[in-house]
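K.L.:
Please work out how this folds:
(one chain, ligands or ions: 1)
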Amino acid sequence: MNETTKTCQLCGSSPLRRMEVPGANVLHFCSRCDLYQFGALVPNEAYESAYHAGYDRHRARKVRTARARLARIAALIDDRRGAIRMLEIGCSVGATLQAAEERGWEAHGVDVSRSAVAACTSRGLQATVVGACELPFDDGRFDVVCAWHVIEHVEEVRRTLREWTRVLRPGGLLVIETPDAECPKARRLGARYRKFWAPEHTYTFSRRSLEAFFREAGLEIEREPGIGALAPLTWTDRGYAAAQQLYHRLRRTLGLEKAFQLFARRPMSEAIASRRAA
Ligand SMILES: [Zn+2]
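P.N.:
Take a look at the predicted model:
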């Protein structure tokens, strides 16, 4: 890795170290923050049909995974106030939207891919073609905003998190999953682990660096819900979800896990503070 003239978006330090993944990507690494950034932003057309074809082929499995993910989110959110309103950023072909509708949640998806959104709407799911930073929704509309493997694709992480937080109600949850810069295989192989450094990734975070961005956006980091937090699911889905969680826990222990999840909440107190100010 060579030094570059770029400045870290998180801590402002420079120079950063340049990491070139031949034929794939160039990223600039801040060792203080454990943050890779400034990868090339690909045009939205890159996310059309072919990009989502694989997701559609494995749709049934994706829906089961989505049910398990939502069961964990449900464990952290109070649904006594009525149907949960969920927004998924980067909804792809709608596996999460479908699982949310099954739970009786009101689900809306956004994606930059026209073909992905068409796949959702053809199944009767609500989805809109729009970028992650220009959400056509009122402030505080959603109880849950989730984004699976999206934040590593965005143009500017601060602006993106501000927008995602804006549409979240006070007390609402933001849940993301993203590749983990601390993945031991990525650490060991660096740029040689080509599959890990996808050309369309503009960032690769560690838990620490993404938590820092979240806190800066005014979000409170939540403890991840544990293995017990799976109800209500059918017995088949519960078995699948428990097996998934054990599988990922084992992979984490063995240093094979390539991604991490982050649960965060828009604080309630902010609303109290603004009411007092009004
Ligand atoms: Zn830094």
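
K.L.:
Counting neighbours, what do you get for the residue nearest to residue 104 when sequence neighbours are not counted?
P.N.:
Using CB to CB, 6 or more residues apart in numbering and skipping residues adjacent in sequence, the residue nearest residue 104 is residue 83, 6.0 Å away. Every residue, glycine included, has its C-beta placed from N, CA and C. Around residue 83 there are 12 other residues, counting by other CB atoms under 10 Å.

K.L.:
Next, the contact list for residue 83, please.
P.N.:
In this structure, residue 83 makes contact with 104-106, judged by CB atoms under 8 Å, 6 or more residues apart in numbering.

K.L.:
Now restrict those residues to buried residues only.
P.N.:
By neighbour count, with 16 or more other CB atoms under 10 Å, those hold residue 105 as buried.

K.L.:
Give me the residues contacting the helix or strand encompassing residue 28.
P.N.:
Following DSSP states H and E, the helix or strand that holds residue 28 is strand 25-30. The contact list for strand 25-30 (CB under 8 Å, 6+ apart) reads 1, 4, 6, 8, 10-11, 13, 16-21, 35-40, 197-199, 201, 204.

K.L.:
where does this protein come near the ion, residue by residue?
P.N.:
For the chain, the residues found near the ion under the criterion CB under 5 Å from the ion are 8, 10-11, 30, 32-33.

K.L.:
of all these, which two lie farthest apart?
P.N.:
The widest separation within the residues of the chain next to the ion, taken as CB to CB, falls between 10 and 32 and amounts to 8.3 Å.

K.L.:
Settle it for me: which of these two has more neighbours?
P.N.:
Summary of the neighbour comparison: residue 10 and residue 32, criterion other CB under 10 Å, with residue 10 having more neighbours (21 against 13).

K.L.:
Return the distance of that one relative to residue 264.
P.N.:
The spacing between residue 10 and residue 264, counted by CB to CB, to the nearest Å, is 16 Å.

K.L.:
wait, which of the contacts of residue 83 is closest to the ion?
P.N.:
residue 105 (37.2 Å; CB to the ion).

K.L.:
There's contact between that closest one and residue 86 in this structure, I believe.
P.N.:
Yes - counting by CB atoms under 8 Å, residue 86 is a contact partner of residue 105 at 5.1 Å.

K.L.:
what's the overlap in contacts for the two?
P.N.:
Common neighbours of residue 105 and residue 86, using CB under 8 Å, 6+ apart, are residue 144.

K.L.:
hang on, the earlier thing: just the contacts of strand 25-30: which are in strands?
P.N.:
Assigned to strands by DSSP state E, the following of the contacts of strand 25-30 qualify: 4, 16-21, 35-37.

K.L.:
farthest pair in the residues you listed?
P.N.:
Greatest spatial distance in the ones in strands among the contacts of strand 25-30: 20 and 35, 17.0 Å, computed using CB to CB.

K.L.:
Please name the residues that touch residue 183.
P.N.:
196, 255, 257-259.
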